[in-house]
Structure formats: C-alpha cells, structure tokens
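K.L.:
pasting the structure only:
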C-alpha cells in the first residue's frame, strides 16, 4: 500500500491595522503564530478565537483556524472556516491551496482540483498549489496529469521534497518503478529523515522484485517512525518475497497490533499462510480482511481457492456464481490461476486474466521498442522459469533442452527461482548454452539483459503460477514472447504474442478465448521426459494401506481440483462397485478430514478413502502400479499427474470441458492413442468408470494397449515433440523476419 503526502502551508501574517484594537489584534495574531509554529495548536486556536471575538471576519484568523481544524482531523469544520476567510479575501491563493488539501482528505477530488486551479490562477508561482493539484489528480486516477503538476512544482521549487515524494507515488501508479525509485532517492537526499519516502522507496523496490533492498528501506522507515503501520505491513511483503515466512508473519502481526482494522495486514497474513499450505489459517485471515473491506481486490478468488484446498464446500456453488458475476463485470475479484479449477468457462478465464494483467502487468518497455534484428543462422531461445529444480515443470521439459538441434538454436536458461543445487537443476544448466540466475535483478534489468544477448524468442514457462515474473515480459524481453507449458490458459497480457497448445486443448472455434495467437502442435502440446526413472523397489498394496483385493480407483491431483460435483460422481462409482476404494494424495490434514465427512454424507464409509503420503518422484511413479484406474477431475484436469500415470502404465479416465485446463488429459490420451478413455459428459464418465471395474476383459485390453503404446506413440516421443516445437519457433521467427504480425500457426506432423 502506498502512502501519499500532502503539503500544508501557513498563511502570511495579517496586514497593518490602526487603533488600540488593531494593536491588541496584532499582538494576539503574533502570539498565536508563535504557538502555531511551535506546534502548540490548542494555545494558538484559543488566541485566534479571541481575534474573531474582536474582528469576526478576520480572514487570516479564519484561515489559520481552518488549518488547526485540519490538523485535528475536523475536515468539514476546516473547509467551513477557510470558505469564510475566502468570502472576505477571495484572492488568497494560499488559502485556496490549503482548501484543496483539506478537500482531498474528504475525497472530494474534483472540488480540490478546482480550488488548486483557482490558487494557481491567482499565483502562478505558488509551488504548493501545483503539488496539491497533483494530489487531487491522483485522487481522480489521472496519474500522468498529476506527474506534470508535480514537475511544475519542482520547477518552481527545486528542493521541494514533498513534491518529489508525491511524484514518486504517481510514478508507482504508472508502473514506472525505476523512475519512482529515483524520485524517492531525491527526497531522501533532501531530507534523510523522511520516513514515508523510505517506505514508498521500499514499495518501488518490491515491485522490481528487489526484496532485500526493499526490506532495508522499510527497516529505515520504521527506525525513523517506530509506529509506522504501513511500513511494517510492507516489510512483511518483502520478507515473504525472500521466503522468510515466519518473519513476515511477525511483521504483519506488528502492523495489526498498531492498527487492528488493517485489512491489508490480514490479507497478507492470509497469503503467507496460503504459501505455506496452512489453508485454514489463510481462510480465516482472508475472511477477516473481507469483513474489514468488502470486495477487497482479488481476495474473493484467493479465499475460494483456500477453501478448495481444504475441500470445504459449504455454499460452494453460490460463491462460484458470485465470483463469476464479478469477473463478468471486469472487477478485480480473482487472480487468474485461482479460478482455473473453479470456473470452466474460457471466456471468463480470459476476462479475469485481462483484468489482472491490465492492473498488474501493463506494457512498460522502459527501454523502448526493440530495433528489428537481421536474420541470424541460429535462433536464440530464452527459457524463463522459477522451477529449474525437482519440480513438475522440470520433470516434463528437461529432456527437450537436451534434444534441441544446436545447429539451429542457441539456448539460454533464465532462472528466477530458488538456487537449489539438486540433480535436476544441474541437468538443465548443463543442457543450456548459457544458464543465468536472475533472481536478484529487477524485471526491467532482466529484460535489458535479454535484449543485450539478442534473445529472439522469450518462452515463459510460468504464466501466472506461483513465483512468476510476468513483469519481465511486460518490459518486452524479446521481439517474440511465448506462453508455454507451465500455465494452462491465456495470460490476457498484450505482451505475450503466442500460446503453444494443440487442437485438443484449443479447438479452432475456441481461439477467440485466448489473447495470444495460438500455435497448435500436432498430437499433444505437452513435452515429456522419457528419462523419468521409475523406482525398481517392489511396492505392495499393504505398504500403502490398500486392500489386497478389489478395484482401486485413484486420483493424485491437488485437493483444490476436486469439486463437489466430481466427488459426487466418485462416491456413486464406489457405491456401484463393491469392494472398490478411492486412493488420494494427502496434501493437508484438513482436506482429508473434510473428504471423509463428505463421503459419509453421500452414504460411503470413510474407510474407502485411502490417503497416500508424498514420496520422491521415482517412488511415487512406482506405486502407481498398485492402482487400477486414475479418475480425472473437472474443470481442471490432471496435467503432469496424468502423464505420470500414463508413464507408469496406469490408465486415465477423463471428462473434457471447454477450457484449456479442462482438456489437457484428453490431449495426452489422444497422443498415446487411447481416445476411448475420453468422455464428454459426467454420465459417460461415471458409466465408463464402473464398466471398466466390472468388465475385466475390456479393462485388460486397455491396459495392454497402454503398455504397448507407451513407447510407440507421440506422447513420450521427446525427439518428435522437440522437432514440432522447433518448427513452431521457426514459423514464429519467419513471421518476425517478414515483418508480419503474430498470427495463428498450425504445425503439421512430419510424415
């Protein structure tokens, strides 16, 4: 949260008067001014009241009493007093300027602007009037005009610290973070004890992902003002960026202690709890923030996402409907990722993404347009991720880096995630021509680095998933920018030129729901690593708490993907298949408890739900063989989890929806030539799940075909998918070289 500073001025002393009464008034005014300048407001106020007893329309006494009322938070009374002063002397530019300042406190921004304009008309050299005019314009969300007003104030008064501070605030709103930082640095050079400048400087650094520097700036603000609520709150955000979650919570707690109704503090506490998978605590904090500030931006989606992780479904359908209405209105109701598993409408997903991207990641391009580059022999591809480690995305894509044709492509890996020296990170780094850790660099500097390296195609492997750096692409890191693999949907961002998919996940009729131009690969868009190891350790059902006999359904998707409707179907399936069980991944205790309760409500013994602990990937893949059928979720499918199951030889049953996220498993099944496991309705899904359990012959035929197809079809053909992807990159690059705008691209399978 950014604080805005207003400049308050003092009126000049009253003009000369005559007579004994005038002498006493002059003495009272002189003494009152001395009190006022010393901060003794009650004493000053008493003397100004005495002046008005003698001269009821004394303009300066009325004006200065208005300033005292303003200082005491009595804004309406302050305006009333200054208006009386202006009735007597309507040409008092300073009174008009101060009136504007008070009107801003009352959120009457248009009136404040008009008052500032009148002051400037009377005195074009009054710097404070331009500063206050800028504040009014900020209140009206006219940030560029506000910036121009602050610049005028600084031109008139080059050492005007408050104008520099407010100028920085306008630049923050304009997403010009580096320029804002420079403005705050100027404030601090003028006034080293300016706590608000340090706080807002921290905000600029936070937006630039310079968390350690931001933390130091907030600490300085708190040192100068130990009661600085906003600085404690923002300090928590910096600590969260540094993944120092316990310290972040302590900072939020201090902010809330100082200001118990601080909605931001509770919302941020919720985000930290969500990050650390403490979903119940996250939900409680979100609810408190919403109580304090209804329609808190993006919090409705966060709150519902926390509930989904807990499988807490009370009022679920009504909450989803309310969220859909707000998204449809273009309100800041949800982050895009939070609704992929909640709302299956691709049009609403696009609307939510565009609202979020426009707010958080508008096109910035601090360094301007990228000059057109001549064709070179090798296309330079930059892959950007926070997940170059033991992570689902890396499990999929690692082999692709190794298989790229180095006679045609140069590879650059840009890592902004944890510097974890595990085997997967070492493998990825070894596969790149250059592997660059950019964790500590701000977005604009990463973009400049990419421009300096002349990256032709920047591939974002994160989208709006956790740990993303979408700001790098808003700065335009490369002439061609691509959304691929990590985020199953549109970013809604004008900075992204292409989205790589296939005709299953994005049918031609659905291209309108994606802001990027769609590149369709043959078979499946999803690349897979054929080197994924499956542990040779023998697993038994007893090892995993499964019954020795009976059909074992499983779903190893995250809890938030399980909807009440899908769970209804699963329980009906268990009810129809005697002796069957459902094997789920245990991610948090709360979800397990709730799912057991939901099973009982549907007439199914909770003992028929078996929960698996997390294991290393090779071990997890091995235990898939204990299950009979993977039951997919809707409207967000299994993605990496589906390819894990198929790689381990476990059939996957999926029901297709309309969105990218709801069609991924179908894409994988088509690529492994098992289309009979794809259905389009919930009725078909339930019927087929039951049939495969009750008709062993048909089930065995499918299982045998999966075993045969596993290494003979396109899904796990890393070489083939790499060549398809390279053909896509080549087509994008050809359009760029032809000076053509990005357009939809269809890559055909090589014969």
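P.N.:
Thanks, I have the structure now. Computed from a prediction, not measured in an experiment: that's the story for all the values here.

K.L.:
What segments of this structure are strands?
P.N.:
Secondary structure of the chain by DSSP state E: the strands cover 379-385, 409-415, 434-437, 457-460, 480-483, 498-502, 517-521, 552-555, 581-585, 609-612, 629-631, 652-655, 678-679, 745-746.

K.L.:
looking at these, which is closest to residue 694?
P.N.:
Nearest to residue 694, of all those, is strand 629-631, at 11.8 Å by CB to CB. Every residue, glycine included, has its C-beta placed from N, CA and C.

K.L.:
Show me how far that closest one is from its chain's centre.
P.N.:
33 Å (CA atoms, centre = their mean, to the nearest Å).

K.L.:
change the start of the numbering to 8 and stick with it
P.N.:
Understood, numbering begins at 8; the last thing we discussed is strand 636-638.

K.L.:
Tell me the strands beside that strand, with direction?
P.N.:
When pairing is defined by DSSP bridges, strand 636-638 lines up against strand 559-562 (parallel), strand 659-662 (parallel).

K.L.:
contacting residues around it?
P.N.:
Applying CB atoms under 8 Å, 6 or more residues apart in numbering, the external contacts of strand 636-638 come out as 558-563, 577, 580, 589, 631, 645, 648-649, 652, 657-660, 696, 699-700, 706.

K.L.:
I'd like the strands paired with strand 636-638 as CSV, with mean pLDDT, distance to residue 516 and mean neighbour count appended.
P.N.:
As requested, these are exported to CSV (pLDDT from 0 to 100; distance: least, CB to CB, whole Å; neighbours: other CB atoms under 10 Å):
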stretch, mean pLDDT, distance to residue 516, mean neighbour count
strand 559-562, 98, 30, 23
strand 659-662, 98, 19, 26
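
K.L.:
Would you check that residue 408 makes contact with residue 438?
P.N.:
Yes. Using CB atoms under 8 Å, residue 408 is in contact with residue 438, at 3.7 Å.

K.L.:
Who has more neighbours out of the two?
P.N.:
Between residue 408 and residue 438, counted using other CB atoms under 10 Å, the more crowded position is residue 408 (23 against 19).

K.L.:
Next one, pLDDT for the closest residue to residue 125 other than its chain neighbours please.
P.N.:
Of all residues not flanking residue 125 in the chain, residue 103 sits nearest, at 5.0 Å (CB to CB, 6 or more residues apart in numbering). With respect to pLDDT, residue 103 has a value of 97.

K.L.:
How many residues are close by residue 103?
P.N.:
26.

K.L.:
just residue 608 next, same as before
P.N.:
10.

K.L.:
on that earlier part again, now the strands of the chain in TSV, with distance to residue 112?
P.N.:
Listed next are these as TSV, based on distance: least, CB to CB, whole Å:
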stretch	distance to residue 112
strand 386-392	44
strand 416-422	46
strand 441-444	46
strand 464-467	43
strand 487-490	43
strand 505-509	46
strand 524-528	48
strand 559-562	55
strand 588-592	53
strand 616-619	55
strand 636-638	58
strand 659-662	56
strand 685-686	61
strand 752-753	55
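
K.L.:
out of these, nearest to residue 283?
P.N.:
strand 588-592 (18.1 Å).

K.L.:
for the closest one, packing partners?
P.N.:
Strand 588-592 sits against strand 559-562, helix 571-583, strand 616-619, with contacts defined as 3 or more CB pairs under 8 Å, 6 or more residues apart in numbering; DSSP states H and E.

K.L.:
Okay, buried residues for it please.
P.N.:
Residues of strand 588-592 classed as buried by neighbour count (16 or more other CB atoms under 10 Å): 588-592.

K.L.:
Run through the chain and note the low-pLDDT ranges.
P.N.:
Counting by pLDDT under 70, the chain has low-confidence residues at 8-30, 758.

K.L.:
try 90 this time
P.N.:
8-31, 182-185, 214-216, 371-374, 425-426, 447-451, 594, 756-758 (pLDDT under 90).

K.L.:
tell me the domain ranges of it?
P.N.:
Using automatic domain parsing, the domain parsing of the chain gives 25-97, 281-347, 386-528, 549-723.

K.L.:
I'd like those as CSV, with distance to residue 192 appended.
P.N.:
Formatted as CSV, the domains of the chain follow (distance: least, CB to CB, whole Å):
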stretch, distance to residue 192
domain 25-97, 29
domain 281-347, 29
domain 386-528, 15
domain 549-723, 42
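
K.L.:
which one of those domains has the most crowded surroundings?
P.N.:
Most buried of the domains of the chain, by mean neighbour count (mean count of other CB atoms under 10 Å): domain 386-528, with a mean of 21.

K.L.:
Contacts only, for the residue nearest in space to the middle of the chain.
P.N.:
Nearest residue to the geometric centre of the chain (CA atoms, centre = their mean): residue 342, 6.1 Å. By CB under 8 Å, 6+ apart, the contact list for residue 342 reads 305, 308-309, 359, 363, 471.
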